[in-house]
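Colleague: only geometry, no sequence info:
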């Protein structure tokens, strides 16, 4: 059963890695689309800061952790993973809340579900609305997956460091899936 849960968690990690790629792409698309729509108000500082954070921070985390996780002699311990996840969860919740708060009215009173029968002032406004909604969905899914990862690590889904040391194993992808 534990191995099955770890495989599910691995699938969620795959989705999270996909979101690492999609987050800056949708943000960049939103910035471009909002520049073409006269009614959309682009909060440049918030949008550009979010774009940079959504691009740089996840790639830094992926590169530093994947290089360690796939190594035969890993230096990423479960305690180190927990510390990084707690940091990431706090940071991404803060980013998501601030970003949502400061951009919630960027296209006026257009509903966030972007209905096709809404009287848009210009045709591109609906596409801008769809980009905004996609951006929110990706951002909040990304944040939710980080919370799920943290909860699963804290609940002991991954092998414990002490068990791995007793069996002479390193903390890497292969030993996590096998369950030591």
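Modeller: Structure received. Quick caveat: nothing in here was measured; it's all calculated off a predicted structure.
Colleague: hey, let's count contacts and neighbours off CA atoms from now on
Modeller: Will do.
Colleague: tell me the centre residue of this protein?
Modeller: Closest to where the C-alpha atoms of the chain average out (C-alpha atoms, centre = their mean) is residue 142, at 2.8 Å.
Colleague: element containing that residue, please.
Modeller: Residue 142 is part of helix 123-154 when elements are defined by DSSP states H and E.
Colleague: residues of that helix that come out buried?
Modeller: Of all the residues in helix 123-154, those buried under the rule 16 or more other C-alpha atoms under 10 Å are 124-136, 138-140, 142-147, 149-150, 153.
Colleague: Let me know the average pLDDT across the host helix or strand of residue 80.
Modeller: Of the helices and strands defined by DSSP H and E, residue 80 is found in helix 78-103. Across helix 78-103, the average pLDDT comes to 88.
Colleague: and it, how far from the chain's centre?
Modeller: Relative to the chain's own centre, helix 78-103 is displaced by 9 Å; criterion: C-alpha atoms, centre = their mean, to the nearest Å.
Colleague: Are there helices or strands packed against that helix, and which ones?
Modeller: helix 44-69, helix 123-154 (3 or more C-alpha pairs under 8 Å, 6 or more residues apart in numbering; DSSP states H and E).
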